[in-house]
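Chemist: whatever this is, show me its structure:
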Amino acid sequence: MTVPSVEERLGSAADSHRRMWSELLPVGRYDASGGYRRHAWTPADAECRAWFAEQAAARGLAYEVDRNGNQWAWYGDPAGEGAIVTGSHLDSVPDGGAYDGPLGVVSSFAALDALRERGFQPVRPLAITNFVDEEGARFGVACVGSRLTAGVLTRDQAYELRDAAGVRLPDAMEAAGQDPSALGKDTERLSRVAAYVELHVEQGRFLAETPHPVGVASAIWPHGRWRFDFHGEANHAGTTRLQDRRDPMLSYADTVLTAREKAALHGALATFGKVSVEPNGTNAIASLVRGWLDSRAADEATLTALVQEIEAAARERAERDGVRADVVRESYTPVVDFDAPLRDRLAACLGAGTPARRPTTTPAGAPSGHCPILPTGAGHDAGILSAVIPTAMLFVRNPTGVSHSPSEYAGEADCLAGTAALADVLEELVCRP
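Modeler: Numbers count the residues shown, from 1 in each chain. Have a look, this model is predicted:
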């Protein structure tokens, strides 16, 4: 029996995918780096949001923006029960890649195109979403749109968020034409959702070392962000003796190295990827160095121990340097084990009838004969929403494993394979009870 190719399974939806991808590529691109700056509630974000609304209109879908600024495009009754939701996000990290987020949104619209071409008969509503501010690049908290929707982030907490220029989140929303007054948990909407499935480029090399373009997520490592403030004393770089200095840069630099060493000992991850310095003068000793730690581990006990050790080392070094260290946890997401029945249903759907994608060896936790099942250290809207509704994720192979970088990449054939897989999964979920 001949297995149909991905192009045959997608039909004209393959061209639809290519067209949408080419339309999005220029939006928010920063020529100096080749990466993207699609930060929440900025002009580039507005272009992305307009593109989403246009895709909904072109397909005759019911379009709406929810109380938290997330975009929804509905096939079927938006007020219906048991909806299946798919999508991702369109914002980026500073100078990020093209695929993180947008691949999931483009693939969702293309998957719907493929299903309509097949003449599918849904028994429940299907929605495509763009969750706002997933990366947290502007206001420092990841997954703002989904956190608000799930009630993990409160309205009061959201109102306190500020960007580097001091602009408050609600003010940024108002400037972009979005009313922030109703921010908060969206219980009524979530009560009508049966499951959320998110497709995403893999941010690692698990699939790159297999013959399989698509995998199913098993879990997300617990992760969080901590702000380390080192308060010293500003002084003249050319006249202040070394022994008279209270230099917070020394404390910060030592903490960066300590974080790397302790993360390696714990088999975990710790990254200081953002730093600000005051007064930030070449010939001045800093008065304040503020660094943000991103840390992740396979389990919560390991993550807690790791961050406690980094904090203790930072305080000890700061005391030796005559510096005060303050540590604030800005966000935290516990371990996410994706809904097992939903995960296994996806894996079974993708394993059946597609022998070319069956693994030669069975990954840990994967039922025999199904597509690869893998964990990830990256956070996603699906992880946040898993606290209130069943969620699952599909990953598309990334040949280099590079992400959050202009070098992020997935081959067109693999992207189309991901779209075909998503179409199969959505057909399974919306056409069968």
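Chemist: can you tell me how far Ala150 is from Tyr196?
Modeler: Using Cβ to Cβ, to the nearest Å, one obtains 11 Å as the distance from Ala150 to Tyr196. Every residue, glycine included, has its C-beta placed from N, CA and C.
Chemist: overlap in contacts of these two?
Modeler: Residues touching both Ala150 and Tyr196 by Cβ atoms under 8 Å, 6 or more residues apart in numbering: Leu385.
Chemist: the two: which has the busier surroundings?
Modeler: Neighbours were tallied for Ala150 and for Tyr196 using other Cβ atoms under 10 Å; the higher tally belongs to Tyr196 (28 against 21).
Chemist: so that one sits in a strand?
Modeler: Yes. Under DSSP: H, G, I helix; E, B strand; the rest coil, Tyr196 sits within a strand.
Chemist: quick one: it and Ser88 touch, right?
Modeler: No. Counting by Cβ atoms under 8 Å, Tyr196 does not reach Ser88; the two are 10.3 Å apart.
Chemist: overlap of the contact sets of the two?
Modeler: With Cβ under 8 Å, 6+ apart as the test, Tyr196 and Ser88 both reach Asp381.
Chemist: got the confidence number for the residue nearest the centre of the chain?
Modeler: Centroid-nearest residue in the chain: His380, 3.8 Å away (criterion: Cα atoms, centre = their mean). Note on His380: pLDDT of 94.
Chemist: then the one 3 residues further on?
Modeler: You'll see Gly383 listed with a pLDDT of 93.
Chemist: ok, it touching Trp221?
Modeler: No. Using Cβ under 8 Å, Gly383 makes no contact with Trp221, being 9.6 Å away.
Chemist: mean confidence for stretch 38-47?
Modeler: Across stretch 38-47, the average pLDDT comes to 98.
Chemist: and the contacts of that stretch?
Modeler: 27-28, 36-37, 48, 69, 90-92, 94, 96, 132-133, 135, 137-139, 144, 169, 172-173, 175-176, 178.
Chemist: mind checking which of those residues land in strands?
Modeler: Tyr36 (DSSP state E).
Chemist: buried ones among the contacts of stretch 38-47?
Modeler: For these, a burial check counting by 16 or more other Cβ atoms under 10 Å picks out 27-28, 36-37, 48, 69, 90-92, 94, 96, 132-133, 135, 137-139, 144, 169, 172-173, 176, 178.
Chemist: pLDDT weak spots in the stretch 251-400 of the chain?
Modeler: For the stretch 251-400 of the chain, the stretches flagged by pLDDT under 70 are 352-370.
Chemist: now do the helices in it.
Modeler: Using DSSP state H, counting those that start in this stretch, the helices of the stretch 251-400 of the chain run over residues 300-320, 340-351, 381-385.
Chemist: do you know which of those helices lies nearest Leu103?
Modeler: helix 381-385 (13.8 Å; Cβ to Cβ).
Chemist: helices of the stretch 101-250 of the chain, residue ranges please.
Modeler: Here the stretch 101-250 of the chain has its helices, by DSSP H, counting those that start in this stretch, at 102-118, 144-150, 155-159, 169-175, 187-190, 248-266.
Chemist: which of those helices sits most buried?
Modeler: Looking across these with neighbours counted as mean count of other Cβ atoms under 10 Å, the highest average goes to helix 144-150: a mean of 27.
Chemist: which outside residues touch it?
Modeler: For helix 144-150, the external contacting residues (Cβ under 8 Å, 6+ apart) are 40, 66, 68-70, 89, 131-134, 136, 141, 152-153, 155, 158, 161, 169, 183-186, 189-190, 381, 384-385, 387-388.
Chemist: PyMOL command for the buried members of those?
Modeler: Listed next is the PyMOL selection for buried residues among the contacts of helix 144-150, using 16+ other Cβ under 10 Å:
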select buried, resi 40+66+68+69+70+89+131+132+133+134+136+141+152+153+155+158+161+169+183+184+185+186+189+190+381+384+385+388
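Chemist: wait, Ala127 sits on Gly80?
Modeler: No. Ala127 is beyond contact range of Gly80, at 9.9 Å (criterion: Cβ under 8 Å).
Chemist: quick check: phi and psi at the residue in the chain sticking out farthest from the centre.
Modeler: Distance to the chain centre peaks in the chain at Thr239, reaching 47.0 Å (criterion: Cα atoms, centre = their mean). Dihedral pair for Thr239: phi -120, psi -10, per degrees, to the nearest 10.
Chemist: over to Pro26?
Modeler: phi -80, psi -20.
Chemist: likewise for Arg124?
Modeler: phi -150, psi 160.
Chemist: distance-wise, check it relative to Arg345.
Modeler: 15 Å.
Chemist: for Pro125, same thing?
Modeler: Per Cβ to Cβ, Pro125 is found 19 Å from Arg345.
Chemist: the more surrounded of those two?
Modeler: Neighbours per residue (other Cβ under 10 Å) separate Pro125 from Arg345, with Pro125 holding more: 22 against 19.
Chemist: wait, the more buried one touches Gly80, no?
Modeler: Yes. The criterion here is Cβ under 8 Å, and Pro125 meets it with Gly80 at 4.3 Å.
Chemist: give me the common contacts of those two.
Modeler: Jointly contacting Pro125 and Gly80 under the rule Cβ under 8 Å, 6+ apart are Arg192.
Chemist: burial of the residue lying closest to Ala114 once chain neighbours are set aside, as a residue count?
Modeler: Among residues not flanking Ala114 along the chain, Ala13 sits closest, at 3.8 Å (Cβ to Cβ, 6 or more residues apart in numbering). Ala13 has 25 neighbouring residues, counting by other Cβ under 10 Å.
Chemist: pLDDT wise, what is Ala13 at?
Modeler: In this model, Ala13 is scored at 96, pLDDT.
Chemist: for it, what are its contacts?
Modeler: Neighbouring residues of Ala13 by Cβ under 8 Å, 6+ apart: Ala110, Ala111, Asp113, Ala114, Glu117, Thr419, Ala423.
Chemist: gap between it and Ala111?
Modeler: From Ala13 across to Ala111, the span is 7 Å (Cβ to Cβ).
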